[in-house]
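Got a predicted structure here, sequence first:
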Amino acid sequence: MATAVAETRPPHPDDKVAFGMRVAGAWSWRILVVLAVLAVVGFLLVQLRYVAVPYFIGVLLAALLVPFSTWLQRKGWPKGLAVAVNEVAVIAVVAGLITLIVFQVRAGWPSLRDQTLVRWAEFKEFVAEPPFEISESDIQGYVDGLFQRFGDNWASLIDPALEIGSLGGHILAGLVLALFTTLFILIDGRRIWQWVVRLFPSNARAAVVGGGEAAWITLTTFVKVQIMVAAIDAIGIGLGAWLLGVFTGREFPLVIPIAIAVFLASFVPVVGAIVSGAMAVFVALVFLGPVEALVMLGIVILVQQVEGHVLQPLLVGSVVKIHPLAIVLAVAAGGFTAGIPGALFAVPLVAVLNGAIGYMASGEWRTKPHPTVADVTTPITTPGRRRAS
């Protein structure tokens with residue numbers, strides 16, 4: 001009787017790898033691919049920052065203005081007139097804020113300069129007495145060293161701008177590009193989005209459409225809520241500065257520029273609050289005195305604490321739906337990689353990605369696709385050719 005010899009296969013190296021390790025390896029290379037793609041995209045955005053930053057500003061403005069434009073059109077306004085009103089309103093508000101800041105600062109600059117010199121002389125006299133006993137020459141040495149370090153890095157700060165043009169030219173070109181971006185999104189944003197969606201495979205368009213709509217809703221709500229929070233910050237600190245001047249019997253100058261600076265700086269989380277608050281405290285120190293500066297510091301901290309622990313959780317937190325630690329890390333990462341623009345766009349970018357990825361991961365687009373999916377699933381017709389049925 002012949003005995004059958006069982007064929008044995010030599011063990012494969014993969015058989016010796018634990019299942020958990022194989023799962024970890026599968027996750028690892030996919031994560032590395034995602035990080036590589038993000039790194040390439042980030043590198044391109046940094047290289048094209050003079051185009052990317054105005055474009056993102058235009059998108060944020062469009063997220064604010066599209067609902068208002070749509071509302072005007074529902075009230076019977078022609079589309080062109082509604083778009084024109086929105087665009088003119090943006091130009092008027094920006095120009096008005098800039099003009100107001102320039103005139104206010106120009107009017108208060110002489111007194112600010114003189115008072116700063118007076119406080120500086122008083123400071124030198126104070127530190128010259130015991131227990132500090134710091135001479136004026138020592139202070140001058142510290143100041144000269146600070147300016148020397150700043151001067152050593154000055155060339156690296158201005159050379160990149162000089163290579164491609166003046167700073168004023170960049171600002172003007174950026175404003176024009178931002179306004180054009182806002183204009184075309186107001187006019188034809190829906191068709192632009194449909195063209196982008198058609199670049200994806202047919203079986204992925206439902207997820208892309210739904211994710212994009214969720215991201216856009218998140219962005220529009222975030223912008224409106226952030227403007228509300230910024231306005232409350234500006235009113236709180238500006239009103240506090242004015243009341244401080246009233247109670248001390250002396251005028252608190254530059255209240256309006258400080259309030260506008262607080263409003264604009266509030267769009268840069270964490271960093272903006274520190275910079276605008278320091279400005280208010282400095283003005284209080286120069287014109288009113290050290291005690292009043294401490295009171296102004298308390299007002300700034302109080303307003304910022306109310307924002308951080310009341311307004312942000314109730315308003316922004318309900319929209320962004322991201323843990324505060326993630327927001328701080330996003331702002332830090334954005335500021336490290338792209339400076340002030342990175343810190344400015346970090347939170348809305350994280351909010352948009354969170355909304356889009358959350359919608360796609362939920363699988364809702366499979367059972368309840370967005371109504372506009374039909375607009376991107378029908379074939380594109382060309383003149384003289386009938387659409388396929």
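Received it, and whenever you're ready, just let me know what you need.

Next, name the residue at the spatial heart of this protein.
residue 344 (2.3 Å; Cα atoms, centre = their mean).

For that one, give its distance to residue 337.
According to Cβ to Cβ, to the nearest Å, residue 344 and residue 337 sit 12 Å apart. Using the backbone N, CA and C atoms, a C-beta is placed for each residue, glycine as well.

overlap in contacts of the two?
Common neighbours of residue 344 and residue 337 are not found (criterion: Cβ atoms under 8 Å, 6 or more residues apart in numbering).

can you pull the pLDDT of residue 299?
If you check residue 299, the pLDDT there is 91.

What is the burial count for it?
Residue 299 has 21 neighbours, counted by other Cβ atoms under 10 Å.

Which neighbouring elements make contact with the host helix or strand of it?
Element membership for residue 299, per DSSP states H and E: helix 290-306. Other helices and strands packing on helix 290-306, by 3 or more Cβ pairs under 8 Å, 6 or more residues apart in numbering; DSSP states H and E, are helix 205-248, helix 271-287.

give me the element the residue nearest to residue 52 when sequence neighbours are not counted is part of.
Excluding the flanking residues, the one nearest residue 52 by Cβ to Cβ, 6 or more residues apart in numbering is residue 45, at 4.7 Å. Assigning secondary structure by DSSP H and E places residue 45 in helix 19-47.

Tell me the helix or strand right after that helix.
helix 49-74.

pLDDT averaged over that next one, what's the number?
Per-residue scores along helix 49-74 average to 89.

Correct me if wrong: residue 139 contacts residue 121.
No - at 11.2 Å, residue 139 and residue 121 do not qualify as touching, with contact defined as Cβ atoms under 8 Å.

Who has more neighbours out of these two?
A count of neighbours by other Cβ under 10 Å puts residue 139 above the other of residue 139 and residue 121, at 15 against 11.

That one: what's it in contact with?
Applying Cβ under 8 Å, 6+ apart, the residues near residue 139 are 124, 127.

Quick check: it vs residue 128, distance?
When residue 139 is compared with residue 128 (using Cβ to Cβ), they lie 9 Å apart.

and residue 358, how far is that from residue 56?
Distance, residue 358 to residue 56, using Cβ to Cβ: 21 Å.

neighbour count winner among the two?
residue 56 (19 against 15).

Does the more buried one touch residue 346 like I think?
No - Residue 56 lies out of contact with residue 346 (Cβ under 8 Å); the separation is 11.1 Å.

Give me the distance from the helix holding residue 299 to the chain's centre.
25 Å (Cα atoms, centre = their mean, to the nearest Å).

what's the neighbour count on residue 368?
Using other Cβ under 10 Å, residue 368 has 10 neighbouring residues.

and if you look at residue 366?
With other Cβ under 10 Å as criterion, residue 366 counts 10.

Break the chain into its domains for me.
45-115+166-190, 203-377 (automatic domain parsing).
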